Structure formats: C-alpha cells, structure tokens
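# how would this look folded up:
(one chain, ligands or ions: 1)
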Amino acid sequence: MSVKPSDVKATLSFSDGTPAVEFPLYKGTIGPDVIDIRSLYGKTGKFTYDPGFMSTAACNSSITYIDGDKGELLYRGYPIEQLAVNCDFLETCYLLLNGELPNAAEKDKFVDTVTHHTMVNEQMQYFFRGFRRDAHPMAVLVASVGALSAFYHDSLDINDPHHREVSAIRLIAKLPTLVAMAYKYSVGQPFVYPRNDLSYSANFMRMMFAVPAEDYKTNDVMVRAMDRIFILHADHEQNASTSTVRLSGSSGANPFACIAAGIACLWGPAHGGANEAALSMLEEINRNGGVAKIGEFVKQVKDKNSGVKLMGFGHRVYKNYDPRAKLMRETTHEVLNALGLHDDPLFKLAMALEKVALEDEYFVTRKLYPNVDFYSGIVQRAIGIPTALFTGIFALARTVGWIAQWNEMISDPEQKIGRPRQLFIGSQSRSVPPMNARK
Ligand code: SDX
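Alright, predicted model coming up:
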C-alpha cells in the first residue's frame, strides 16, 4: 500500500502580506489525511510548532491503525477483538512482521524458528550478577537488551534484510527469557532455561515460576491469559516508545540498542509504567477504605493541585473506550473465576471506580476512559506476576511492534535521520564576562 496524493491542496496565508504558500495533501487507506509540510521551512523560513506531536504524522505506516473516536484498533487491518480470540501471540507476531496471517505451514516454521532462539548467551548470567537483587526489572531489561548487541555481531548490518529478520526473531524469542531471568534474579531463585517442547507463553510461565525442587505444571487458563495479554500489548501505532525506537533507528543504531531505548521510554508512568502505577493506586485506595473511599479519591483527582491522576485512564488517541481495556477486563474476569477469586477486592474496586469515573462530568467532558493499563495489573497479579514486572511484560509484548515498526522505517526509501527543530526562547548572543565581573 502507498501514500496517495490528494487532489486537495492546503494553502497557508499570513496576515502580514507574506505570500501564501501551498502544500500537497496525502490520503491514507483510512484515517486523517496529512499535509506535507516538508517544504515549509524552505518556502517560509518558519517551522511548525507541535510539542507532544498532537497534530503531527512522523511517518507513513501499514502496521497498526487506531480510531480514537470509535475505539478501534487494527493490526494489519484485523480488529484486535478478533485476533485476541482467534489467534495466538506468535501468529500475531508473524502478522505484524510480515503483513499477513500465517497459514499452518508458515506458522509451524515461524514457531520453530522462534522456539530455537529462546536461549541467551551463557555469559548473560554474569551480566545479571552485576545488579543488586532489588534492582527494578526495567533497569535490568534496558541494560540486558542493549547488551544483546554485544553478542550478535553477525546480525547487525541493518541494511541487510536477512540480518534484520534474524535480529527480529532473536528479540522476540529472547525477551521472555530475559524478563524471566530478571524476575528469578530479583527473588534469588536459579534461572530456568527455556524448553523447546512448550509454547511461547507456556515456556515463559515455566521460566518464571518453575523451581528445580519440583516439576512445573503449566495452567492452560493462565497460559492463554498471558498469551492474550501479549497480543493486546503487541503494537499501537506511533506511541512514545515506538517513536523512540524509530528515532533511534533513524541514526542507523543497531536493533538491540533501539529496542533498549524503547524499553527505557516505556518505563515512564505516563506510558507503559501506568499498569504498575494503576495497581499501586488501587491497592492504596483498598488500604484506605476501598469502594467507600472512591468518591474521596475521585475528588482528589479532579483537584489539579493534588497532582493525582487516575492511572490507567485517559489516552492521547482514544477518546472512547480503549478496546484493549474491554478485552483485558474480560480476561481478568476469566482468570479470577478460574482461580476462584471472583470476589477479588481490587477487581471489584476497579469496576466500581470505572463506573464512578465514567459517570463523572470531569472524565466525561475530557473523554477519559480506561486504557489498556487499567485492568492489566489485576490480571497479572492474579497470574502471579509481581507488580514491578508489569511493565517488563508490556515490553516483552511490545518488542514485536517496535521491531516491526523499526523494520518498516529502515526499509522505507523516504526515511531520513529524525532531527526536529525548535522555537528558541533563550538568550541572544552575548560575550563571556571575566570571573571578577560576574554577579
Ligand atoms: C499507554 O500512546 C499510546 O498508544 C500509549 C499506549 C500504547 O499501547 O503504547 O496506549 C500505552 O501509555 C496508555 C496510557 C497509560 N497512561 C496512563 O494511564 C497514565 C494516566 N493517563 C494520563 O497521564 C494521560 O491520560 C495520558 C498521558 C495517557 C494522555 O495524556 P494527554 O493526551 O497529553 O492528555 P492531557 O494530559 O493533556 O489530558 C487532557 C486533560 C487534562 O486536563 P485539563 O488540563 O484539560 O483540565 O485530561 C486530564 C488532564 O489533566 N487527564 C487526566 C488523566 N488523563 C488526562 N486527569 C486525571 N486522570 C487521568 N488519568
């Protein structure tokens, strides 16, 4: 698919008599048209100004489409609701990387390839030993994923499509192993090697929870829930961490370094760190009185001076319900029922808090709805994932989206190094005063 010139032009006129300038518009398959302003500076000596990129398309892409008003999310055209029910995570990985769902033979080959790349170099265990046991898993992941580039000199020529494919497979295959190692290291248990006779998500659960002292039996409900959580987090258009990966990749940095940069960005509480923050928020409300305290908490959120946000709510793009939050709530319900935890106080509290917020004028007027992070902490906690690892799980799942977007950018003939400009509001040129003349 390609960018199609629109027959509509955009004209920029100035009130000071500066000559008007025209810009071409391009149409996508679906979604907003774009105004090509690449010639703006050359024609006018002016920049656009768009902190936070509220109205800026940084690239063209065929991977993921979000309609924020409809609450729609498509991976390569397939609705997330259908993928989450009809596919597993590795099928979704294949789709995001290649643009089409795999047939049975293609899936078997892809699964076999990923399965046989799940081990990490044995030296990595010494890398981990440099960390304190209580290091945050995201710090460990940023470092260990970046360190992968120290081992794979054979696949770092980013202009070689085969090298890019090998790097993509290695990253998708090894993230679960590294996330599980970060967890095992934090609890002082021995690392568990991957097993090739297990599915991707069953293998991850075993690496996380198996101990040498006894056989580990995978729980199919938990494995399916984990796999669905991976699907729901796999990609999401040009979000902050994906844009970080693209910007890092635009300089020609190797894919492991770019993904490490994406993990660092995802860690922020406004982004992937929100699932950890949302669960901590629910636990605090629960400690302070639970459902009875919701009104007081919401009042605090609405008070700008409190600095308190309803974590897991709101989104730059979704001004309707995040479709992933709906699916996450269903998965949470399934897992809690399977565990006999249908009375889980945090789940009840989250649903009560959601109901209050969705009826409150502050949230309604700002179109604040639950996002993917609102329920994901509750279901991960029920599965046994520690709170500090929630964002690591998000990074594990998002790695396929990041590397698919990175690959699309590297293969795009239009791509150039990303180098935004600025509106300078600092000092004019001035001379350095001698020390004795400084105030
Ligand atoms: C993810 O981009 C992606 O696609 C990200 C993601 C992905 O898959 O990659 O979907 C994953 O990051 C989901 C978002 C997780 N973050 C949170 O749940 C943290 C809480 N949410 C907010 O920080 C906020 O909603 C953002 C950061 C998500 C979006 O912020 P925006 O788009 O910059 O919107 P804003 O901060 O300008 O908010 C608009 C208004 C403001 O009030 P006013 O100044 O208009 O009076 O809504 C308010 C905000 O104060 N607001 C909130 C709120 N979110 C926004 N008020 C209370 N609680 C909130 N959660």
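
# which residue does the chain have closest to the ligand?
Among the residues of the chain, Gly314 lies closest to the ligand, at 2.3 Å counting by C-beta to the nearest ligand atom. (Glycine included, C-beta is placed from N, CA and C.)

# and that residue, what pLDDT?
We have a pLDDT of 93 for Gly314.

# by residue count, tell me the biggest strand in this protein.
Secondary structure assigned by DSSP state E gives strand 4-12 as the longest strand of the chain.

# mind listing the strands that strand pairs with, and their directions?
Partners of strand 4-12 in the sheet, by DSSP bridges, are strand 21-27 (antiparallel).

# so what touches the strand it pairs with?
Residues outside strand 21-27 that contact it (C-beta atoms under 8 Å, 6 or more residues apart in numbering) are 3-6, 8-12, 33-37, 39-40, 43-44, 60.

# and those, which of them are buried?
Buried members of the contacts of strand 21-27, scored by 16 or more other C-beta atoms under 10 Å, are Leu12, Val34, Ile35, Ile37, Leu40.

# of those, which belong to strands?
Leu12, Val34, Ile35.

# quick one: contacts for the second one?
What it means is Val34. By C-beta under 8 Å, 6+ apart, Val34 lies in contact with Leu25, Tyr26, Gly28, Ala57.

# now with 7 Å, please.
Contact analysis of Val34 by C-beta atoms under 7 Å, 6 or more residues apart in numbering lists Leu25, Tyr26, Ala57.

# can you select the buried ones from the residues you listed in PyMOL?
Selecting the buried subset of the contacts of Val34 in PyMOL, with 16+ other C-beta under 10 Å as the burial test, is done by:
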select buried, resi 57
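
# a markdown table please, covering the contacts of Val34 and showing distance to the ligand and pLDDT.
Converted to a markdown table, the contacts of Val34 look like this (distance: C-beta to the nearest ligand atom, whole Å; pLDDT from 0 to 100):
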| residue | distance to the ligand | pLDDT |
| --- | --- | --- |
| Leu25 | 25 | 96 |
| Tyr26 | 22 | 95 |
| Ala57 | 14 | 96 |
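
# verify the stated contact: Pro345 with Asn286.
Yes. The pair Pro345 / Asn286 is scored as a contact, 5.8 Å apart, by C-beta atoms under 7 Å.

# okay, the two: which has more neighbours?
Asn286 (16 against 13; other C-beta atoms under 10 Å).

# residues touching the more buried one, list them.
Pro345, Leu346, Leu349.

# for burial, what's the neighbour tally of the second one?
Using other C-beta under 10 Å as the criterion, Leu346 is surrounded by 22 other residues.

# nearest residue to the residue of the chain closest to the ligand in space, please, no chain neighbours.
Leu368 (4.4 Å; C-beta to C-beta, 6 or more residues apart in numbering).

# contact residues of the stretch 201-350 of the chain facing the ligand?
236, 239, 270-272, 274, 301, 309-317 (C-beta under 6 Å from any ligand atom).

# quick one, phi/psi of the residue of the chain closest to the ligand?
The phi/psi pair for Gly314 (degrees, to the nearest 10) reads phi 90, psi 160.

# can you report how many residues lie near Arg421?
Neighbours of Arg421 using other C-beta under 10 Å come to 9.

# sorry, that was for Lys109
Lys109 has 12 neighbouring residues, counting by other C-beta under 10 Å.

# which element, helix or strand, includes it?
helix 104-115 (DSSP states H and E).

# ok, and what's touching that helix?
Residues outside helix 104-115 that contact it (C-beta under 7 Å, 6+ apart) are Leu90, Glu91, Tyr94, Pro102, Ile169, Ile172, Ala173, Asn196, Tyr200.

# one more pass at 8 Å, please.
Leu90, Glu91, Cys93, Tyr94, Pro102, Ile169, Ile172, Ala173, Asn196, Ser199, Tyr200, Asn203.

# could you do stretch 84-95 as well?
Contact partners of stretch 84-95, identified using C-beta under 8 Å, 6+ apart, comprise 75-76, 78, 83, 101-102, 106-107, 110-111, 114, 172, 199-201, 227-228, 230-232, 234, 327, 397, 400.

# mind listing what's buried in that stretch?
Quick answer for stretch 84-95 (16+ other C-beta under 10 Å): Ala84, Cys87, Asp88, Phe89, Leu90, Glu91, Thr92, Cys93, Tyr94, Leu95.

# which pair in these spans the largest distance?
Distances among the buried residues of stretch 84-95 were taken as C-beta to C-beta; the most separated pair is Ala84 and Tyr94, at 15.6 Å.

# which SSE is the residue nearest to Tyr200 when sequence neighbours are not counted in?
Nearest residue to Tyr200, sequence neighbours excluded (C-beta to C-beta, 6+ apart): Leu90, at 5.3 Å. Using DSSP H and E, the element containing Leu90 is helix 89-98.

# what about Leu171, distance to Thr118?
11 Å (C-beta to C-beta, to the nearest Å).

# please disregard the earlier target; I meant Cys87.
On the measure of C-beta to C-beta, Cys87 and Thr118 end up 20 Å apart.

# over to Gly377?
Separation of Gly377 from Thr118 (C-beta to C-beta) stands at 26 Å.

# which one of those two has more residues nearby?
Between Gly377 and Thr118, counted using other C-beta under 10 Å, the more crowded position is Gly377 (29 against 22).
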